[in-house]
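Student: with the input below, show me the fold.
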Amino acid sequence: MYHTLHTTRKGAIEYLTLNRPEVRNAFNEVMIAELTRWATSIAADREVRVVVIAGAGKVFSAGADVTWMSKTVTYTQEQNQRDAAAAAAMFNAIDTLRVPVIGRVHGAALGGGAGLAAVCDVVVADDQAVFGFTEVKLGILPAVISPFALGKIGRSAARELFLTGMRFTAARAREISLVHAVVPASDLDLVIERYVSEFLSAGPEAIAHAKTLIRRVWTSAASELPAITAEAIASRRISPEGQEGLSAFLEKRTPTWSRGQ
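Tutor: Below you'll find the predicted structure:
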């Protein structure tokens, strides 16, 4: 189905692996197109409740493929804009998935790899992993990934890391909120499964609406927030899922979406 990706479905969990280990899972135009197609398929699949993204081989992703980058040297401004727009659409498609996305980062997440970590809702990293927004070292910019990275790490960390292009540790990535848990490599899957269990215990529609709420609150004017938040909670309270969740809590039973998990 894919040339650069590998997918496995276990119940309601979709495991996606970047599958170009020979080039450290670097992005090229094929992988970008396939990731976009994959995200579109997941957005339409109501059976999926959690996604886990990992990388094959020694690293999560080393960023942009050298062969692909060498092509862009000869591109016109218009061609480069089309190329960059395709990458932006890919990151946005993953960022806006209605289901929670967990990033399993080992080895390194550089450039676009760090950008992919930024669009994950939760990132669990190997304690030896290295991160970096390294584009300025090549005379270019982390432009396409900047909206997603800034949303995670903020302006202050971006000023340090975007402008220097320096690599930084998993511990530093956790300090700036790019990463949520840092563990030994042997514990990666155990911690990820704990997060998966937490997501499966929550209402899937509530999670989807919570992701939308975060984006709306983050981008809305303060004067708009009372109406946005009041409407959001009122809609969930009267929704079938909200009614089921509140009833299950009051009746001290397991809600329907958690049964069999």
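Student: got the contact list for Ala56?
Tutor: Listed by C-beta atoms under 8 Å, 6 or more residues apart in numbering, the contact set of Ala56 reads His6, Thr17, Leu18, Asn19, Arg20, Pro21, Asn25. Placement of C-beta: from N, CA and C, glycine included.
Student: how far away is the nearest residue to Ala62 once chain neighbours are set aside from Gly57?
Tutor: Among residues not flanking Ala62 along the chain, Arg24 sits closest, at 3.6 Å (C-beta to C-beta, 6 or more residues apart in numbering). Computed as C-beta to C-beta, to the nearest Å, the Arg24 to Gly57 distance reads 7 Å.
Student: more neighbours, those two?
Tutor: Arg24 (21 against 16; other C-beta atoms under 10 Å).
Student: just how off-centre is stretch 79-89 within its chain?
Tutor: Offset of stretch 79-89 from its chain centre (C-alpha atoms, centre = their mean, to the nearest Å): 19 Å.
Student: what mean pLDDT does that stretch get?
Tutor: Regarding stretch 79-89, the rounded mean pLDDT is 94.
Student: now that stretch: buried residues?
Tutor: Of the residues in stretch 79-89, Asp83, Ala87, Ala88 count as buried by neighbour count, 16 or more other C-beta atoms under 10 Å.
Student: you'd agree Asp65 is up against Asn28?
Tutor: Yes - judged on C-beta atoms under 8 Å, Asp65 makes contact with Asn28 at a distance of 4.1 Å.
Student: as JSON lines, the buried residues of stretch 79-89 with secondary structure and distance to Ile140 would be great.
Tutor: Formatted as JSON lines, the buried residues of stretch 79-89 follow (DSSP: H, G, I helix; E, B strand; the rest coil; distance: C-beta to C-beta, whole Å):
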{"residue": "Asp83", "secondary structure": "helix", "distance to Ile140": "12"}
{"residue": "Ala87", "secondary structure": "helix", "distance to Ile140": "12"}
{"residue": "Ala88", "secondary structure": "helix", "distance to Ile140": "15"}
